[in-house]
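J.: sequence? don't have it. structure:
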């Protein structure tokens, strides 16, 4: 069982869709994180997923990994991988006990990726970071936040991942309509129907390339024959979370945590009990006409 610990919201990227944008500047002290790690262990967690913001920019990050390891807890990180462009840093994290990196890769080329991070050179640093992580024997899982900037680049991202060789999986995550994504909703957030069309093509292509493909953020009624590819925190093994703002361990509730809902008419659907719903803000803006009711 894993615990997701958001260590703070400082970041070296400035992504156009950042859902934690309003929390920038909130960061936890090392001692608070260490206590959260020990509490997670008491809950039965044997792995910590460090998230943010960008955890790797903390000066004490390797120390936090070492602290987890000294308590027989594995470490993972949700990261843009830019700091891992420094090979010695990647090696040190691996030596301290980092097992898996969930890397945000937003495009197959600089103009697409950097156009979203708003940091020139971030693409090249992320790709180099991935290479160094793999070289340091850290498992790499790629996450693609699907939005209007990269909607038609998804297959090319898979091609790049295949060339990098060794990437375990690619998760295509529909952009969460929250934080910065709401400042220019129509320019950033595609329709679920439009996104699902491109994501399903990318998933099929990714599977054909021999890389595991996952989908996040879309309800099963829009994923056709790829329901088994739908992922969420619990399928990742995450049952406990600790947010830098709330500073308390909480059990993961997929509906509440992701601010999702299921319209009343969905109660007639055969997938109702296994569906996480759709983003509430999206439905408020776009309506629920895209959702399909599955009947026998």
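T.: On my side now, so go ahead. Quick caveat: nothing in here was measured; it's all calculated off a predicted structure.

J.: Which parts of this structure are strands?
T.: For the chain, applying DSSP state E gives strands covering 2-6, 47-51, 74-79, 98-104, 139-146, 169-174, 212-216, 238-242, 249-251, 260-261, 278-279.

J.: Which strands and helices lie in contact with the fifth one?
T.: This means strand 139-146. strand 98-104, helix 122-135, helix 154-164, strand 169-174, helix 192-208 (3 or more C-beta pairs under 8 Å, 6 or more residues apart in numbering; DSSP states H and E). Heads up, the C-betas are built off the backbone N, CA and C, glycines and all.

J.: That one pairs with which strands?
T.: strand 98-104 (parallel), strand 169-174 (parallel) (DSSP bridges).

J.: Switch the ones you listed over to TSV; also include distance to residue 1, mean neighbour count and mean pLDDT.
T.: Shown next, in TSV, are the strands paired with strand 139-146 (distance: least, C-beta to C-beta, whole Å; neighbours: other C-beta atoms under 10 Å; pLDDT from 0 to 100):
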stretch	distance to residue 1	mean neighbour count	mean pLDDT
strand 98-104	15	22	98
strand 169-174	20	22	97
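
J.: Looking at the ones you listed, spot the one closest to residue 237.
T.: strand 98-104 (10.8 Å; C-beta to C-beta).

J.: Next, the angle helix 122-135 makes with the closest one.
T.: Strand 98-104 and helix 122-135 are oriented at 160 degrees to each other (axes from the mean of the first three to the mean of the last three C-alpha atoms, to 10 degrees).

J.: circling back: now distance to residue 291 too, for the strands of the chain, in TSV please.
T.: Listed next are these as TSV, based on distance: least, C-beta to C-beta, whole Å:
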stretch	distance to residue 291
strand 2-6	28
strand 47-51	29
strand 74-79	29
strand 98-104	28
strand 139-146	18
strand 169-174	13
strand 212-216	16
strand 238-242	26
strand 249-251	27
strand 260-261	11
strand 278-279	7
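
J.: which residues of this structure score low on pLDDT?
T.: Low-confidence segments of the chain, defined by pLDDT under 70: 254-258, 296.

J.: The residue nearest the centre of it pairs with what?
T.: Ranked by distance to the mean C-alpha position of the chain (C-alpha atoms, centre = their mean), the top residue is residue 143 at 5.5 Å. In this entry, residue 143 is beta-bridged to residue 104, residue 171, by DSSP bridges.

J.: which residues sit in contact with the closest residue to residue 217 other than its chain neighbours?
T.: In this structure, residue 217 finds its nearest non-sequential neighbour in residue 174, 3.2 Å apart by C-beta to C-beta, 6 or more residues apart in numbering. By C-beta atoms under 8 Å, 6 or more residues apart in numbering, the residues touching residue 174 are 146, 192, 195, 199, 216, 217, 218.

J.: isn't the fourth one right next to residue 217, touching?
T.: Which is residue 199. No: assessed by C-beta atoms under 8 Å, residue 199 is found out of contact with residue 217, at 9.2 Å.

J.: and for these two, which residues touch both?
T.: Counting by C-beta under 8 Å, 6+ apart, the residues touching both residue 199 and residue 217 are 146, 174.

J.: which residues sit against stretch 81-98?
T.: Residues outside stretch 81-98 that contact it (C-beta under 8 Å, 6+ apart) are 12-13, 54, 56-57, 61-62, 65-66, 68-69, 74-77, 101, 103-104, 122, 125-126, 128-130, 132-133, 135-138.

J.: Give the buried subset of the residues you listed as a PyMOL selection command.
T.: Listed next is the PyMOL selection for buried residues among those, using 16 or more other C-beta atoms under 10 Å:
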select buried, resi 13+54+56+57+61+62+65+66+68+69+74+75+76+77+101+103+104+122+125+126+128+129+130+132+133+136+138
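
J.: Residue 1 and residue 236 touch, don't they?
T.: No: assessed by C-beta under 8 Å, residue 1 is found out of contact with residue 236, at 10.8 Å.

J.: Those two: which has the busier surroundings?
T.: Between residue 1 and residue 236, counting by other C-beta atoms under 10 Å, residue 236 is the more crowded of the two (18 against 12).

J.: Spit out the contact partners of the closest residue to residue 27 other than its chain neighbours.
T.: Take residue 27 and drop its neighbours on the chain: the residue closest to it by C-beta to C-beta, 6+ apart is residue 8, 3.0 Å away. Contacts for residue 8 (C-beta under 8 Å, 6+ apart) come out as 26, 27, 28, 52, 53, 55, 58, 244.

J.: I am finished for the moment; much appreciated.
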